[in-house]
Each structure stands twice: as structure tokens, then as C-alpha cells.
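A structural model of the following input is requested.
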Amino acid sequence: MRELVTHEFERFKQHLSYYDENSLGNLSPFFEAKFFELKSSATPLAIIAHAYPQAKVEQAQTSTISPDELTNAIRVFFTHVEDKDQDIERMPDDFLKLMESCINYKDSKICRYDPDSRSQDELYDFIAWGFTYVIETPHDGRCLLIHGGYMD
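Here you go, the predicted model:
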């Protein structure tokens with residue numbers, strides 16, 4: 001497994017940094033994204049353990065979700081944003097469009113990772129509405145790992 005850097009991924013990360021650098025209402029959203037090329041088959045838990053060595057993957061729950069469920073989850077996530085300077089309605093569409101420029105999530109295997117809140121998992125670092133998704137396109141061996149949430 002090796003990290004990939006593409007122009008599209010850099011644009012996606014730059015877009016994500018806007019949210020990290022700007023408080024949007026009472027809570028501040030944050031995002032992390034990692035992009036990999038998988039040399040061989042890897043489970044979502046192995047991908048997470050590689051990217052986040054302090055993750056307690058053995059205590060977490062995972063579930064496979066559909067692209068529609070991912071789209072809906074991203075839309076719900078952005079309903080909590082309050083920003084008078086931005087068109088909030090466009091935020092989830094912009095996020096999804098830039099994410100899709102990196103990986104065809106509509107034709108991917110998608111895994112939702114739910115860390116155990118009692119395990120001190122490094123991915124349980126949010127106050128509310130946090131998420132971690134592993135999006136893998138088996139036909140080209142690419143994988144996008146996105147993590148986000150809200151902090152106060």
C-alpha cells in the first residue's frame with residue numbers, strides 16, 4: 001500500500017482545509033483524507049490500521065454501505081454547518097464532486113468505520129457527527145480514506 005498524490009486529490013484536500021481553517025457556526029468541522037494505491041487486496045480494517053496506527057480496529061464496528069448511503073451521510077453532516085459567508089446548500093455537492101474527482105465512489109466498495117467510544121481510538125476524536133469511510137475501487141486498486149467530525 002502506498003500513498004498517492006494526484007492533482008485531483010490535492011484539490012480535494014485544499015477544499016477540505018477551508019473547513020479546518022474556518023469556524024462555521026458554533027462547531028468547527030474538520031476533515032482528513034488519505035489516498036492509497038493498494039498493491040494487493042486489503043481489508044478496510046487493515047487500511048485504517050496502516051493509516052492510523054493508534055486506531056483500535058479490533059474494538060471497532062464496520063459496515064458496508066451503498067454510495068447512496070454515503071451521499072446521504074455527507075449531506076446530513078453538512079446540515080449542521082452555519083456559515084453566513086458560504087452557500088451552505090452547495091457545500092455537500094462541492095464536497096462530493098471533488099471527492100468523485102479522486103475516486104469513483106458510485107462504483108466502489110464503501111465501508112463505514114465506527115470506533116468504540118471507550119477504547120481511546122484515535123479516530124474517536126470528534127464531539128458530534130464524526131465519520132470514517134474507506135472507499136475502495138477494486139478495478140484500479142485505489143482507496144480513499146476520509147475522516148471528519150465536529151469540534152468545539
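
elements contacting the longest helix anywhere in the chain?
As assigned by DSSP state H, the longest helix anywhere in the chain is helix 7-21. Contact here means 3 or more CB pairs under 8 Å, 6 or more residues apart in numbering; DSSP states H and E; on that basis helix 7-21 packs against strand 28-37, helix 91-102. C-beta: built from backbone N, CA, C; applies to glycine.

Next, the buried residues of that helix.
9, 12-13, 15-16, 19 (16 or more other CB atoms under 10 Å).

so where is this protein shaky, pLDDT-wise?
Low-confidence segments of the chain, defined by pLDDT under 70: 20-27, 81-89, 121-122, 124-129, 152.

would you list every one of the strands in it?
2-3, 28-37, 61-65, 109-114, 128-137, 142-151 (DSSP state E).

of all those strands, which lies closest to Thr79?
For Thr79, the closest of those is strand 128-137, at 9.1 Å, according to CB to CB.

Next, find the distance separating Asp116 from Thr43.
18 Å (CB to CB, to the nearest Å).

If you could redo that for Asp93, that was the one I meant.
Distance from Asp93 to Thr43, by CB to CB: 31 Å.

what do you get for Ala60?
Ala60 is 12 Å from Thr43, by CB to CB.

higher neighbour count, the two?
Each of Ala60 and Thr43 has its neighbours counted (other CB atoms under 10 Å); Ala60 has more, 19 against 13.

OK, contacts around that one?
Ala60 makes contact with 45, 48, 113-116, 119, 121, 123, according to CB atoms under 8 Å, 6 or more residues apart in numbering.

In those, which residue is surrounded by the most others?
Ile48 (26 neighbours).

in terms of contact, does that residue touch Cys143 like I think?
No: using CB atoms under 8 Å, Ile48 is not in contact with Cys143; the gap is 10.4 Å.
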